[in-house]
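Undergrad: got a structure for you, letters missing:
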């Protein structure tokens, strides 16, 4: 099937369309329904009638945006009418929800004129927290937005005008910096003359471009003063009229620093690009075909052409999804009355700054492992970069507060954690850990310090104040990697060749000489990253250790087990994964270390995992799992978790509820647990799940992650004498940073 056929099949598949309404409160019982509707619903109605502002407390208004269109200028398809525009508006709702967790009603209006459109949208103000105008033809769109902004007390935003302006504005800031050009000196040629081009030109002026340096072109050539005076162009184009001869686009581009295309494909050729100033900036944003083909523009000159398009198959895509979700998220969260110029500028500047940061592995993978590093081929962040929410949205909210548009003041410094929670429970959990880590960063030795992932993780740890990383490896190799990754930091390196290791070799020999290690072997081993890092931690020269990126798990674990060993109150170490779901977290143990634990090991693993849960501010409720419920099957396998649970319940030092043996669904489903087994010591579903053997634990956590949609944090080692964690081969930088945060919190606790 071609793309059109695939799209038709995608949209008509049951249920038709792309969106649905979901309830956010329980509706399972008669009591639930009486609260949701009659008679209970009267209480919030009366509260809102008495205090109108309470509508934000008792309804979804504060997170609900109207996407409104009359279908008169639909996505390059023209005036196809409101019904035909509905798939686009539903798609807009998908993007709002996917990228900023904003709910949307799409509203397609069959209206006769501008006045009727304005009246209709204005009448819906009680329902919505904001209005996103979409695909309304020019010049009517300018008047519609202006009047609605004046007459409504909630944010009104025409994305076709301002979305492209903001995203390309971010690209402009970075492109000008790379080209070594000042915005106030930049000569810019626009082609298009429609809503996007005019709004983008106005926004560039807000960023620092001078109006007199902008040349606007439409299908009839340059917008000149004589054309404006004759009434040939509308008032919005006339604002950019130049007192110049009535030249064409080619004349206008001669000597220009920048070309901005928001018109039609194929109207610019290589000669026009060659006529531009040194290091030209070319934003050819017509879709699906840009004003000039990417390869043609790049090969037209010997110097660098900094180019952006509207297409995803070329670098520097100007994609509006980088803007409108985050503008509305910030505006809604401070209950802004409008999305003003200060908020738009803040969004563009935050996007520009983000493009200069190191790009996470998950973003690189999403784009085919492209080398995404700040430069001419990467001046705008990628749409799938989740950091946009955390960088742009707070900037918008801060600008709203500072400009007086906000009706609700928020702590912007704490706002990031709230936004993290919107993207998943795992981010909320890690924010708890990172907050603790930042309060007292510890020395964290990264055993595989010359690996690019470890270096990038170290940079992020320094940037975010989470830890003081020590990279084990060759100083020259690490410095080379830092330079090639374009990271702005000076790492602390422990170079085995340049460091006096005699003291560490003596200690390693003393620890392992009765296990067959000779003095010569100790000298050799201590030059290996995992042994050196282990001895550094054991000797107190580092507070915690991380390894595993370049070694299989057992190989990476062996040196710290031999050197650091288990804690005084522990005989065994164990591996734990924290799995997060939308509204639930569970700790799964043991998933990486003990193959066939007996009752003693299971009991100890349970205690350590419960302590770990508390470091995440989770009160543990532990279940020792089996395929049996409380003796329903009696054999050697089911007796192990049963005996371990009994020992824990009899231990006065155990201050958390624990039971077993239980089947997995009994442990986590409240109706089964309390309905059928009301005698259990677990009054609520378990959040610490201890598996009977390594095989079961490893299989289960991977199935929950891959098929159950769980986000995984780990594996976290518990039971060690000092904080040591071993990541899995293939883990991303984010996983390394997460475990680093856990290691620092462990070090704070043990130090």
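TA: That came through fine. Being a predicted model, the structure only gives us computed values, none of them experimental.

Undergrad: Okay, domains of this structure per the record?
TA: 12-159, 162-312, 322-419, 437-563, 574-719 (automatic domain parsing).

Undergrad: ok now the third one, how far from the chain's centre?
TA: Domain 322-419 has its average C-alpha position 10 Å from the chain's average C-alpha position, going by CA atoms, centre = their mean, to the nearest Å.

Undergrad: what sits against residue 216?
TA: Counting by CB atoms under 8 Å, 6 or more residues apart in numbering, residue 216 touches 190, 193, 197-198, 201, 222-223, 237, 240-242. Where you see a C-beta, it was placed from the backbone N, CA and C, and this is true even at glycine.

Undergrad: name the element it belongs to?
TA: For residue 216, the enclosing helix or strand under DSSP states H and E is strand 214-218.

Undergrad: Direction included, what does that strand pair against?
TA: Applying DSSP bridges, strand 214-218 is found paired with strand 188-191 (parallel), strand 221-222 (antiparallel).

Undergrad: how would you label the nearest residue to residue 633 once chain neighbours are set aside: helix, strand or coil?
TA: Computed as CB to CB, 6 or more residues apart in numbering, the closest residue to residue 633 that is not its neighbour in sequence is residue 627, at 6.7 Å. Following DSSP: H, G, I helix; E, B strand; the rest coil, the label given to residue 627 is coil.

Undergrad: Restricted to helices, list the contacts of residue 216.
TA: Using DSSP state H, the members of those that fall in helices are 197-198, 201, 237.

Undergrad: Quick check: the two most widely separated of the residues you listed?
TA: 201 and 237 (9.8 Å; CB to CB).

Undergrad: higher neighbour count, those two?
TA: More crowded of residue 201 and residue 237, by other CB atoms under 10 Å: residue 201, with 25 against 21.

Undergrad: What separation do you get for that one and residue 221?
TA: Distance, residue 201 to residue 221, by CB to CB, to the nearest Å: 17 Å.

Undergrad: could you dump the ones in helices among the contacts of residue 216 to a markdown table with pLDDT and distance to residue 584?
TA: Shown next, in a markdown table, are the ones in helices among the contacts of residue 216 (pLDDT from 0 to 100; distance: CB to CB, whole Å):
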| residue | pLDDT | distance to residue 584 |
| --- | --- | --- |
| 197 | 91 | 49 |
| 198 | 91 | 50 |
| 201 | 94 | 50 |
| 237 | 87 | 56 |
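
Undergrad: show me where the stretch 651-751 of the chain has helices.
TA: For the stretch 651-751 of the chain, helices defined by DSSP state H, counting those that start in this stretch occupy the ranges 664-668, 670-676, 694-706, 733-750.

Undergrad: for the stretch 1-150 of the chain, same thing?
TA: Secondary structure of the stretch 1-150 of the chain, counting by DSSP H, counting those that start in this stretch: helices at 3-12, 30-36, 42-50, 55-58, 82-100, 114-123, 140-151.

Undergrad: State the three-state secondary structure for residue 550.
TA: At residue 550 the chain is in coil, as set by three-state DSSP.

Undergrad: What's the local residue count around the closest residue to it other than its chain neighbours?
TA: Nearest residue to residue 550, sequence neighbours excluded (CB to CB, 6+ apart): residue 448, at 5.0 Å. Using other CB under 10 Å, residue 448 has 23 other residues around it.

Undergrad: Ok, residue 411 next?
TA: Residues within reach of residue 411, counting by other CB under 10 Å, total 8.

Undergrad: That one and residue 227, how far apart?
TA: Residue 411 sits at a distance of 52 Å from residue 227 (criterion: CB to CB).

Undergrad: Then residue 485?
TA: In this view, residue 485 and residue 227 are 51 Å apart by CB to CB.

Undergrad: more crowded one of these two?
TA: The residue with more neighbours, out of residue 485 and residue 227, is residue 227; 19 against 14, by other CB under 10 Å.

Undergrad: And the more buried one, how close does it get to residue 237?
TA: 8 Å.

Undergrad: and if you look at residue 313?
TA: Using CB to CB, residue 313 is found at 32 Å from residue 237.

Undergrad: Which residues are in contact with the residue nearest to residue 418 when sequence neighbours are not counted?
TA: Closest residue to residue 418 apart from its sequence neighbours, by CB to CB, 6+ apart: residue 333 at 7.9 Å. Residue 333 is in contact with 393, 397, 408, 410, 415, 418, counting by CB under 8 Å, 6+ apart.

Undergrad: Tell me the buried residues within those.
TA: 393, 397, 410, 415 (16 or more other CB atoms under 10 Å).

Undergrad: Now the two most distant members of those.
TA: Taking CB to CB as the measure, these have their most distant pair in 393 and 410, spaced 11.1 Å apart.

Undergrad: For residue 484, the count of nearby residues, please.
TA: Residue 484, neighbours per other CB under 10 Å, totals 12.

Undergrad: cool, and residue 568?
TA: Residues near residue 568, counting by other CB under 10 Å, number 6.

Undergrad: residues contacting it?
TA: Contact analysis of residue 568 by CB under 8 Å, 6+ apart lists residue 721.

Undergrad: helices or strands up against the helix ranked longest in the chain?
TA: For the chain, the helix with the greatest residue count under DSSP H is helix 159-179. With contacts taken as 3 or more CB pairs under 8 Å, 6 or more residues apart in numbering; DSSP states H and E, helix 159-179 sits against strand 130-133, helix 140-151, helix 195-207, strand 258-261, strand 281-284, strand 306-309, helix 324-333, helix 341-354.
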